[in-house]
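**Student:** for reference, the sequence and a predicted model appear below.
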Amino acid sequence: MEPIIQLRGISKAFGKSVILDGMDLDIYPGQGLGIIGPSGTGKSTILRIIAGLLAPDEGEVWIRGQKRQGLIEDGNDPVYIGMVFQQAALFDSLTVEENVGFRLFQQSRISRQKIRELVEAKLAMVGMVDVADRYPAQLSGGMRKRVSFARAIMSNPERPEDNPEVLLYDEPTAGLDPIASTVIEDLVRDLQHQAGCGTYVMVTHQSSTIRRTTDRIVFIYQGKVQWDGKTDDIDTTDNPLMRQFFNASIHGPIHVID
Ligand SMILES: Nc1ncnc2c1ncn2[C@@H]1O[C@H](COP(=O)(O)OP(=O)(O)OP(=O)(O)O)[C@@H](O)[C@H]1O
């Protein structure tokens, strides 16, 4: 199968710290890929590079066989990539409807009534009703996350080519209790099946989210992919980095910052 996104020889430094060091990664259609690794190892940086929000110092990003030039605002990626941020990143002064329909209000000539219908349909997909007129401050943390999911999967019927085909999730269950996390994890899988967002990249530290939402895992450490395998193999791999990570042990090859 051809990868939908390929990273080739990606390097990125901030000041003197080299975060990514010639990293390669292939992302395949229909796959939930988990990116894991110790704090500060560059997982969010990888997401920002995939999204086209941050340029690597070196290396190439290929989207469906086409090399990306520059950042997202300069280029015309052949695949629309949606992003769900750790903080739901909603506009506090806008209603749920205005947040979810933001791109349509900005970029389309679709009537307000029609946008309302499209927004309600996406909200229903994430299990929310009667919230379109509320403001983010009137919602719980888990509800805000769900609204941000609805926004990420919003599609424009005038421009079907803009429908998100790849979703990037940056710690969507961080700060949620175990039950609220389960709701979000189920939602990720539901959206994979019903919303046509079969391909996604999940950055998370939570073991349940890793196990329940990913098909494949890459473990990032010291700027490179150190382990690449099936989620089902987490407990049987003898890779020392993976073992230490999942045993939460301070003893092992991962350097513990105290
Ligand atoms: N814009 C920036 N300027 C300077 N340093 C940065 C910038 N963005 C990230 N960094 C640094 O790069 C390193 C990697 O950050 P990144 O957020 O990608 O890590 P992460 O693996 O997602 O971490 P965590 O698991 O803690 O969220 C960190 O040391 C961070 O401080």
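**Tutor:** That came through, no problem. Numbering: from 1, shown residues only.

**Student:** once you drop chain neighbours, what's closest to residue 34?
**Tutor:** Nearest residue to residue 34, sequence neighbours excluded (CB to CB, 6 or more residues apart in numbering): residue 214, at 3.4 Å. The way it works is simple: take the backbone N, C-alpha and C, and place the C-beta from them, glycine included.

**Student:** counting neighbours, what do you get for the residue of the stretch 51-200 of the chain found nearest the ligand?
**Tutor:** Nearest residue of the stretch 51-200 of the chain to the ligand: residue 171, at 6.7 Å (CB to the nearest ligand atom). Using other CB atoms under 10 Å, the number of residues around residue 171 comes to 20.

**Student:** per-residue pLDDT of it, please?
**Tutor:** pLDDT for residue 171: 89.

**Student:** tell me which element residue 219 is part of?
**Tutor:** Per DSSP states H and E, residue 219 falls inside strand 216-221.

**Student:** now do the helix or strand just after that strand and strand 216-221, the angle between them.
**Tutor:** Scanning forward in sequence from strand 216-221 by DSSP H and E, the next helix or strand is strand 224-230. The directions of strand 224-230 and strand 216-221 differ by 160 degrees, with axes from the mean of the first three to the mean of the last three CA atoms, to 10 degrees as the criterion.

**Student:** what are the buried residues along strand 224-230?
**Tutor:** Within strand 224-230, the residues scored as buried using 16 or more other CB atoms under 10 Å are 224-227.

**Student:** just give the closest residue to residue 90, not the sequence neighbours.
**Tutor:** Per CB to CB, 6+ apart, closest to residue 90 is residue 136, 4.3 Å.

**Student:** cool, residue 256 as well?
**Tutor:** residue 250 (5.1 Å).

**Student:** ok, now how distant is the one you found from the ligand?
**Tutor:** Note on residue 250: its distance to the ligand, by CB to the nearest ligand atom, to the nearest Å, is 17 Å.

**Student:** quick check: that residue vs residue 244, distance?
**Tutor:** 8 Å (CB to CB, to the nearest Å).

**Student:** who has more neighbours out of the two?
**Tutor:** The neighbour comparison of residue 250 against residue 244 (other CB under 10 Å) goes to residue 244, with 17 against 9.

**Student:** any idea which element that one lies in?
**Tutor:** helix 240-247.

**Student:** what's the mean pLDDT across that helix?
**Tutor:** The model assigns helix 240-247 a mean pLDDT of 92.

**Student:** which elements pack onto that helix?
**Tutor:** strand 216-221, strand 224-230 (3 or more CB pairs under 8 Å, 6 or more residues apart in numbering; DSSP states H and E).

**Student:** can you list the residues that contact the first one?
**Tutor:** It refers to strand 216-221. 23, 25, 31-38, 41-43, 46, 210, 225-231, 234, 239, 241-242, 245, 254 (CB atoms under 8 Å, 6 or more residues apart in numbering).
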